[in-house]
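K.L.:
next one to model:
(one chain, ligands or ions: 1)
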Amino acid sequence: DTPLRDLAAAKGKVIGTAVTGSKLTGTYGDLAGSQFGSLTPGNAMKWESVEPSRGTFDWTEADQIVAFAQAHGQQVRGHTLVWHNQNPAWLTDGSWTSAQLGTLLQDHISTEVGRYKGRIAAWDVVNEPFNEDGTYRTSLWYNGLGADYIADALTWARAADPAAKLYINDYNVEGVNAKSTALYNLVRSLKERGVPIDGVGLQAHLILGQVPSTLQQNIQRFADLGVDVAITELDVRMALPADSAKLAQQAADYKAVTAACVAVTRCVNLTVWGFADSDSWVDSTFPGYGAATPYDANYAPKPAYYAIAQAL
Ligand code: XIL
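P.N.:
Got it, this is the predicted structure:
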């Protein structure tokens, strides 16, 4: 069978997966390297991973993933620079003034983006800034710096690597709704202000049978605004145990998402959040749910895999 990355390339798309560095050997490494044209570190580039103690950096896993990607002719999506989760305890202990927080954030972005300058195709600069109703999420960053933390982070990222595409990434923004409209309005205003923003990431952590009917329309409205779109963290979880009817529905869901991306020229990347059911965050995060990826726990392709291939 033709690898997914080649099918995607023929359509002008890049297909990716989230990966864990320590697993990039054996069958997992073979599949990650051969089937996908883009890798996203699942955790390795998050602040708590790269700077567990203040001023003490650990780039081991991030470096490993970037090197693997280069060896396999793959892009890397950097994930993620500014988020309310997975920050080191020293950063979130409440001891910093607003001015200090701003300096810490600028240094973090300059250091991390600068380290990988020229090797990261796209950065998820800001992750999950919105609430479901479209208001800004209260977070370390919003509370300390106000909504301008988003524009500042993008500006600092651009300065550190002018070639990297800069994204804002969020979940439950796949269809047209209050949250995706807030994201749309933010991107429009950033562009009006001349703030560097190149794309939006739609995470797409979906539930079986619930692909939003407005997905393609939503991708298109961002494209029409003049930014790229990426499906950044696709998975489709189901209540366990899986059965053939659920796997068939899941295949239809993967196919619908893939087709929506293929239909819009500016949808440039479709990334799954782990390619095998044994390597998914779903089972531990959503008790009773799982089987969310295109390969089963033994790395055998599921109906969802063939559905993606068919839609590419
Ligand atoms: C998840 C990882 O997959 C898990 O291993 C980790 O324990 C928690 O974070 N949205 C995101 C990702 O942007 O960074 C999250 O990744 C999943 C939800």
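
K.L.:
dump the residue contacts of V272.
P.N.:
V272 makes contact with I15, G16, T17, A18, E233, L234, D235, T293, P294, according to C-beta atoms under 8 Å, 6 or more residues apart in numbering. C-betas here are computed from N, CA, C, even on glycine.

K.L.:
quick one: contacts for S53?
P.N.:
S53 sits next to P88, W90 when contact means C-beta under 8 Å, 6+ apart.

K.L.:
longest strand of this structure?
P.N.:
Using DSSP state E, we find that the single longest strand of the chain is strand 228-239.

K.L.:
tell me which strands and helices the helix or strand harbouring N185 is in contact with?
P.N.:
Counting by DSSP states H and E, the element that carries N185 is helix 178-193. Counting contacts by 3 or more C-beta pairs under 8 Å, 6 or more residues apart in numbering; DSSP states H and E, helix 178-193 packs against helix 148-160, strand 165-170, strand 199-202, helix 215-225.

K.L.:
next, the angle helix 215-225 makes with the longest strand of the chain.
P.N.:
Per axes from the mean of the first three to the mean of the last three C-alpha atoms, to 10 degrees, the angle that strand 228-239 makes with helix 215-225 is 160 degrees.

K.L.:
what comes up buried for strand 228-239?
P.N.:
Residues D228, V229, A230, I231, T232, E233, L234, D235, V236, R237, M238 are the ones in strand 228-239 that count as buried (16 or more other C-beta atoms under 10 Å).

K.L.:
follow-up on the earlier one: winner for burial among the helices and strands packed on helix 178-193?
P.N.:
strand 199-202 (a mean of 27; mean count of other C-beta atoms under 10 Å).

K.L.:
for the chain, what lies in contact range of the ligand?
P.N.:
Neighbours of the ligand within the chain, by C-beta under 6 Å from any ligand atom: G42, N43, N127, Q203, E233, W281.

K.L.:
buried subset of those?
P.N.:
The buried subset of these (16+ other C-beta under 10 Å) comprises G42, N43, N127, Q203, E233, W281.

K.L.:
list the contacts of the fourth one.
P.N.:
Translated: Q203. Shown in contact with Q203 (C-beta under 8 Å, 6+ apart): N169, D170, Y171, V173, E174, T232, E233, L234, W273.

K.L.:
ok, the fourth one to the ligand distance?
P.N.:
I take that to be V173. Distance, V173 to the ligand, using C-beta to the nearest ligand atom, to the nearest Å: 12 Å.
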